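> Predicted model and sequence below, questions to follow.
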Amino acid sequence: MSFEKKFQAGETYGDPRTESSHFMTDAADIAEYIWNNAVGVQNRTSKKEIIELLRELLHKGEPIDDKKGTTELLISILTSLPSTSKLRTRLTSKFIDRLWSNIQHPPLSYVGGDVKYEVVNPHEPVYKDDNEAYSTIEFKAPDSDIMLRERMPKVPDGTYQYRLPDGSFNSVLQPNLGKAGTPYAKTVRPLKRLQGVKPDPGLLFDLLMARDEDNFIENPAGISSMLFYHASIIIHDIFRTNRTDMNKSDTSSYLDLAPLYGSSLKDQLEIRTMKEGKLKPDTFHEKRLLGQPAGVNVMLVLYSRFHNYVADILLKINENGRFTLACPPNASPEDKARAVAKQDHDIFNTARLIVGGLYVNISLHDYLRAITNTHHSKSDWTLDPRIEIGNQYDGEGVPRGVGNQVSVEFNLIYRFHSCISKKDERWINDFFLKLFPGRNPDDLSNVSHVELGQALVAFEQSIPKDPSVRTFDGLERQADGTFKDEDLVRILKEAMEDPAGAFGARMVPKALKVVEVLGINQARKWQVASLNEFRDFFGLKRYDKFSDINSNEEIANILEKLYADPDMVELYPGLMIEDIKPVRNPGCGICPTYSVGRAILSDAITLVRSDRFNTIDYTVANLTSWGYNEVQQDYKTLGGSMLYKLIQRGVPGWFPFNSVAVMQPMYTKKANEKIAQELGTLDQYTLDDPKPPGMPITISANASIKQIFDNPAQFAVPWLKSFNCLFPGKKDLGWFMLAGDETHGYANRAGFGKAMGNIPHLHHAINEFIHGVGTQMIQKETFRLKEGLNQADMVRDIAIPLLTRLLADLFYFDLRSDENPDGKLGTADLYQHLMNIRAWGDNTDSGEAWNRRRRAKESLEVIIKSTRKLVDEVAVSGGFGMGVVSALTSKFTRKAHIKENSLRSCGLKLVEELLAQGNSAERVVDSLWLTAFGGVGPPVNTFYEVLEFFLRSENASLWADVQDYAQKSDDSSLRAYVVEAQRLTSSQRVLRTATQPAEVEGKSIQPGNMIIIMLGEAGRNPSEVSSCDKFDAKRQAGSAASFSYGHHPCFGEDIALAFVTGLVKLCAGLSQLRPAPGAMGQAKTIRVGDDKFYLNDSWSCFSPYANTWKVHFNGHGKGNYEGEMLPKKLVDMQEYYYLVRKYKDKLKRAI
């Protein structure tokens, strides 16, 4: 641990270091290590099996007998090793290498060889660009009558930073690889001569695939329909067989969310607003999915909403000015229209990359974890194929970002019709009955392929051409174009509780007979390899007997009658009628048939690892710092699960943040509850169903605020539930002063106040500490730019560490200092821990709540453990429990380093007083952190806001007064100036929860509503505060308070004001103090809804509290800065290039 590192909100400045090392090659040595160190592995396998597994993994040899469960055993071992294990990393790399190597990269064989003929009009040009309709669009510029034309960029312009609509140029070396409209690849060479006359496809379906009414089997691992809704999006993302040429796919071979965005510029124009990068409300492009159960469409609506959320934040942050309009304000209407279009283009495509990042992380950390059933473990291991393995192309490396082309074999594999739930089977029957009016359910299996084709054409023609007006499942759009949240939530809830079906023979709904017959015929047309050839290609043991394919005697006999020899069995339907893999916890979740189980892992590796935008170019530069961070998985959250975030961002507040159903919705709620019980984590969840979120009510009038503060029974403090949630069933903090309005809460306040009152010279110690330590910090953190010019980060390097040390000494935390040289915590670490607790207590973001609770819990464990040691020492040495040894221990404990009348001595006295009141050591520790965490955040904000106000050029005279008061040590006048500046600038707010119906400011309030009390704004309310926009240091105290009052007044008001006033006083001694020029001298803020947030130093995340702000000063002493604030206006590169182009055009015209 570094005790000198600096604090940055949301992340550390430094990256973790990793050591490189060579993989061990001795399987016996590795097996011995696994046997002795992997948790629970001895209960699941033998040492001999581990050795055999490792030899297969390390050295390619005989085909793998997948019925032994070797892949599942490896997954089980990987989940048994800790995240810090180097062996886990190396074994994962080898596993990915093996799966990647199963498929050619790039494919070397393709299907199709058609040639097209057309009648030529001799009066038309001989050559015509067939792609023109897809690569060029024309549209009216938003808010104008100007028509614009956009073309897909030609090489090398703009083909690399963003995904192109058709997937081209994903591979830099082979630009057309995986492009929409190109032929399917063929993975396996077909060498086996199969029957000239193959079994009738309809007969195959009836005998081997059809599901009887009473033969439905739920997925054995508890998988829900949500997994297959996600799978359906993937399937329609990478497979769209051309209806006139089945050898081609009309969508790209990459996970680029084509069902949402389309596969051409023309498609995109239909769903985009063409302004600020946004999509039309709740709109997606893929009309085929309107013929799927509603849950699939709801997921696409959530992705659409997430895209618009991302686009909104991107423009507000505007990292490095990349989304600034590329024209000056006085530009012509045509130039402005072009600039608006360019801005829209950049925001849209950046947002698309970010949304794609979330989509891929859901595919890996929800979908793939469910497939491998690693959710059924506490492990944070996930089969993530994006990791860097060796060099890019050498013999030991596994390449990334080299491109992909989907194959006909995988088109057949991803036909998961057997897994359709009973609920969705009924939906399909109803849908088919609408397609084929006059038929009954029993007759659906007799639909011909001609009838199906005609019905689907008619269905698609009935769909509105404008995607933004389309609906599904009987839902209606609202006036703003969106669907009602409650409708989406209802469908999601039903999907999460709906058990999916099982793979295997005789599991496909009968209504899909015509679809499966078409699939069998299509496979034959493609002339794919046999089932055994496919298994041989993937290194799996060939089937020698029909009973190896399916152990059901009846099915094996049917196969023998139809095919005569296992080598003659066709790939399709053979893939779908094998035995299914058994559940393995962890190891196997969806329980696919054996060949499908291995193939989908290889394909998952290929789809993600071969995609440049998911690997090589999945960077902060392309996604922006915030975008990259927003969709980055956190392995401590169910191994990186991310689907919950898509749901919470799309329908915020409807589901509890810790809903057992939402945190891993690809399992049924029932299965999730059972898994949590087995893992001992059920206390982290709730079984509550979704309900409408309590609408936040904002209050900013002083009279209304007083009404709320004076009625605590009606408007309760919200802390207790959040903090008890950190100790489920183990601790009740209801006794704390801010826990509620019970008698013991007031008793706690009185007791703590009495303990503070018994500390002699407390306020003097605080003031001396701020002056002494603050002076040292300013000296230490001053960066001399040149003679007479200095720079300092007044928030990050001075205010934050000063406040942290103040709280650490006052509340006796284990921060390392000269008075606590053996302390275990650094300043940045302690501040981060306290901020984690504060962020959880203040949380209103359901998408971040799970992580914030976990971080608060982790931070509390550190603070409680380290502080308890100190409190126990005080109890022992001070006569509280074991006083007989006090005389001996005081000499050798931390007390020996504490200086007389220092602030830390006050902290020691506080602990002694609390212990003397009869509180247990545990209760004292809890009192300390519960009181201290409220002191982080707002004091720093207040200091920044006050000082920034004084340093404005229009307030130069006020700053001169402040300097005079500081020089004279007129602290009362200085404090009055600070309080008035706080009133004019404060963004302070507090929260209450309504417990009863009420009406405030004409607003109807219902139980459960969160009341946001804008104390800062109330201080500037013109109807209540006279001359509210004028600075008046003599204003009557209390006329506009920036601190809470009433039954729960701010306990640390005096300390906070002493901190701000003392630090402003120190700054007043810096000559010609002013904000640093340009962006350095600004605390970057954005507004999300009604809330103001500060960005951290890297702009990767935002919080309610300032964390960096740089200032310049010339030295020490009085004096206002009278020069110009340079640069007055930063040079924007977009505008710069615009002006250069205009100048060049002008020169060309002159010539």
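Great, that's in hand.
> and Pro939, how many neighbours does it have?
Pro939: 25 surrounding residues under other CB atoms under 10 Å. Where you see a C-beta, it was placed from the backbone N, CA and C, and this is true even at glycine.
> Now do the helix or strand hosting it: which elements does it pack against?
Counting by DSSP states H and E, the element that carries Pro939 is helix 938-950. Under the contact criterion of 3 or more CB pairs under 8 Å, 6 or more residues apart in numbering; DSSP states H and E, helix 938-950 touches helix 800-810, helix 956-968, helix 971-985, helix 1053-1067.
> could you give the angle of it to helix 956-968?
120 degrees (axes from the mean of the first three to the mean of the last three CA atoms, to 10 degrees).
> what residues does helix 938-950 touch?
794-795, 799-800, 803, 955, 958-959, 962, 978, 981-982, 984-988, 1042, 1056, 1059-1060, 1063-1064, 1067, 1075, 1083, 1104-1107, 1109 (CB atoms under 8 Å, 6 or more residues apart in numbering).
> With stretch 766-779 instead?
792, 797-798, 801-802, 805-806, 809-810, 902-903, 906, 1055, 1058-1059, 1062-1063, 1065-1066, 1070.
> per-residue confidence averaged over that stretch?
For stretch 766-779, mean pLDDT rounds to 97.
> Which one of the helices and strands packed on helix 938-950 lies nearest to Ser253?
helix 800-810 (49.1 Å; CB to CB).
> how far does the closest one sit from the chain's center?
Helix 800-810 sits 32 Å away from the centroid of its parent chain (CA atoms, centre = their mean, to the nearest Å).
> Using PDB, write out the CA atom coordinates for that helix.
Once non-C-alpha atoms are left out, helix 800-810 reads as follows in PDB (Å, rounded to 0.1, in the frame of the first residue of the first chain):
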ATOM      1  CA  ILE A 800      -9.500  16.300   0.600                       C
ATOM      2  CA  PRO A 801      -6.400  15.100   2.500                       C
ATOM      3  CA  LEU A 802      -6.800  17.800   5.100                       C
ATOM      4  CA  LEU A 803     -10.500  16.900   5.800                       C
ATOM      5  CA  THR A 804      -9.500  13.200   5.900                       C
ATOM      6  CA  ARG A 805      -6.800  13.700   8.500                       C
ATOM      7  CA  LEU A 806      -9.200  15.900  10.500                       C
ATOM      8  CA  LEU A 807     -11.800  13.200  10.600                       C
ATOM      9  CA  ALA A 808      -9.200  10.500  11.200                       C
ATOM     10  CA  ASP A 809      -7.800  12.300  14.300                       C
ATOM     11  CA  LEU A 810     -11.200  13.500  15.600                       C
END
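> Quick check: which helices or strands does the next helix or strand after it pack against?
The helix or strand immediately downstream of helix 800-810 is helix 827-841, counting by DSSP H and E. Judged by 3+ CB pairs under 8 Å, 6+ apart, helix 827-841 is in contact with helix 719-724, helix 800-810, helix 849-877.
> Tell me which residues are up against helix 827-841.
Residues beyond helix 827-841 that count as contacts (CB under 8 Å, 6+ apart) turn out to be 1, 3, 5-7, 9, 12, 719, 722-723, 726, 800-801, 803-805, 807-808, 813, 815, 825, 852-853, 855-856, 858-860, 862-863, 929, 932-937, 1103, 1105.
> looking at the helices and strands packed on helix 827-841, which is closest to Glu630?
That would be helix 849-877 among the helices and strands packed on helix 827-841, by CB to CB, at 12.0 Å.
> Quick one: mean pLDDT for stretch 958-968?
On average, stretch 958-968 scores 97.
> How far away from the center of its chain is it?
47 Å.
> what does that stretch rub up against?
In contact with stretch 958-968 (CB under 8 Å, 6+ apart) are residues 950-951, 970-971, 973-974, 977, 981, 1031, 1064-1065, 1068-1069, 1118-1120.
> State the phi and psi torsions of the closest residue in space to Pro63 that isn't next to it in sequence.
The shortest distance from Pro63 to any non-neighbouring residue, by CB to CB, 6 or more residues apart in numbering, is to Lys541 (4.6 Å). Main-chain torsions, Lys541, degrees, to the nearest 10: phi -60, psi 130.
> and if you look at Leu148?
Backbone phi and psi, for Leu148 under degrees, to the nearest 10, turn out to be phi -120, psi 150.
> show me the contacts for it.
Glu138, Phe139, Lys140, Ala141, Ala337, Arg338, Ala341.
> Tell me if the second one really is in a helix.
No - counting by DSSP: H, G, I helix; E, B strand; the rest coil, Phe139 is not found in a helix; it is strand.
> Tell me the spacing between it and Ile146.
According to CB to CB, to the nearest Å, Phe139 and Ile146 sit 10 Å apart.
> Any idea which helix or strand in the chain has the lowest mean pLDDT?
Ranked by mean pLDDT, DSSP states H and E, the weakest helix or strand in the chain is helix 886-892, scoring a mean of 50.
> Run through who's touching whichever helix or strand comes after it.
Later in the chain than helix 886-892, the nearest helix or strand by DSSP H and E is helix 903-916. Helix 903-916 has contacts (CB under 8 Å, 6+ apart) with 751-752, 754-756, 758-762, 765-766, 768-769, 806, 808-812, 817, 819-820, 870-871, 874-875, 878, 880, 895, 898-899, 921, 923-924, 927-928.
> Filter those residues down to the buried ones and express that as a ChimeraX selection.
Selection of buried members from the contacts of helix 903-916 for ChimeraX, criterion 16 or more other CB atoms under 10 Å:
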select :751,752,755,756,759,762,765,766,769,806,808,809,810,811,812,819,820,870,871,874,875,878,880,895,898,921,923,924,927,928
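> measure stretch 807-814 end to end?
11 Å (CA to CA, to the nearest Å).
> for it, the distance to its chain's centre please.
34 Å.
> who touches the residue most central in space within the chain in this structure?
Central residue of the chain (CA atoms, centre = their mean): Val631, 3.7 Å from the mean position. Val631 makes contacts with Ile354, Val355, Gly357, Leu358, Asn361, Leu623, Met642, as judged by CB under 8 Å, 6+ apart.
> And those, which of them are buried?
Ile354, Val355, Gly357, Leu358, Asn361, Leu623, Met642.
> can you give me the strands for the stretch 651-800 of the chain?
Taking DSSP state E, counting those that start in this stretch to define them, one finds strands in the stretch 651-800 of the chain at 697-699, 715-716, 783-786, 789-793.
> Highest mean neighbour count out of those?
Most buried of the strands of the stretch 651-800 of the chain, by mean neighbour count (mean count of other CB atoms under 10 Å): strand 715-716, with a mean of 23.
> about what we covered before: isn't the residue nearest to Pro63 up against Asp65?
Yes - judged on CB atoms under 8 Å, Lys541 makes contact with Asp65 at a distance of 4.5 Å.
> Spell out which residues are contacts of both of the two.
Contacts common to Lys541 and Asp65, judged by CB under 8 Å, 6+ apart, are absent.
> And the two? Which one has more around it.
Set Lys541 next to Asp65 and count neighbours by other CB under 10 Å: Lys541 wins out with 17 against 12.
> got the phi/psi numbers for Ser1071?
Torsion angles, degrees, to the nearest 10, at Ser1071: phi -70, psi 130.
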